[in-house]
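Enquirer: Output the structure for:
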Amino acid sequence: MNGSRNYLGLLSAVGLIVLLIIARWLDAVTAYVRRHMALLVNPPYDIILWTPALSSLLLAALLLLLFWFVLTRAPRNVWIAVLYLLVGLFLALSRVLYFVPTISGWVPSSLYAPLASPSSYTALTGSFIAIIGVFMLILPRRSG
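Expert: Here you go, the predicted model:
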């Protein structure tokens, strides 16, 4: 039983990484669509309108699924909660931290510049991940 609980704790950390990869990929797809649709004379407006809407719905569904899994199925581990909190706060505050030279100097601009965008899905995901980390710390643990 204890081995399966450790597996579920590891799965919640893997879910965090997978969700961040998906959010970063959605940022790249959205930037690609905006960049290439601006070059067209008569762009298909349905692509411009549906890409952010579908991306937001997909991300919201995945975030809610991760929230449900972490708070109801996975064991409450303080280290995983702190990991969620630190990663989430870093991504959520990335717009502010982008202008701090000591922090933005060691991160490549190709990775950090999309985070500073006002419509960044990765920064939005970081905010929700930080909230999940706070809930993992303050909610009482399940017994059994």
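Enquirer: Distance from the chain centre to the helix or strand harbouring Leu8, please.
Expert: Assessed by DSSP states H and E, Leu8 sits inside helix 2-39. Relative to its chain's centre, helix 2-39 lies at 6 Å (Cα atoms, centre = their mean, to the nearest Å).
Enquirer: Would you quantify the distance from Leu66 to Val96?
Expert: Distance of Leu66 to Val96, computed by Cβ to Cβ, to the nearest Å: 25 Å. For glycine as for every other residue, the C-beta is placed from the backbone atoms N, C-alpha and C.
Enquirer: between these two, which one's more packed in?
Expert: Each of Leu66 and Val96 has its neighbours counted (other Cβ atoms under 10 Å); Leu66 has more, 21 against 10.
Enquirer: wouldn't Tyr121 be in contact with Ser55 here?
Expert: Yes: counting by Cβ atoms under 8 Å, Tyr121 touches Ser55, with 6.5 Å between them.
Enquirer: who has more neighbours, these two?
Expert: Shown here are Tyr121 and Ser55; by other Cβ under 10 Å, Tyr121 has more neighbours (25 against 19).
Enquirer: thinking again about what came up before, just the buried residues of the helix holding Leu8, please?
Expert: Neighbour-count burial for helix 2-39, with 16 or more other Cβ atoms under 10 Å as criterion, is recorded at 9, 12-13, 15-16, 19-20, 22-24, 26-27, 30, 33.
Enquirer: Stretch 53-68 now?
Expert: Buried-residue list, stretch 53-68, by 16+ other Cβ under 10 Å: Ser55, Leu59, Leu62, Leu63, Leu66.
Enquirer: helix or strand right after the helix or strand of the chain with the lowest mean pLDDT?
Expert: Across the helices and strands of the chain, the lowest-confidence element by mean pLDDT, DSSP states H and E is helix 109-112, at a mean of 68. Moving toward the C-terminus from helix 109-112, the next helix or strand (DSSP H and E) is helix 121-138.
Enquirer: Thanks again, I'm all set now.
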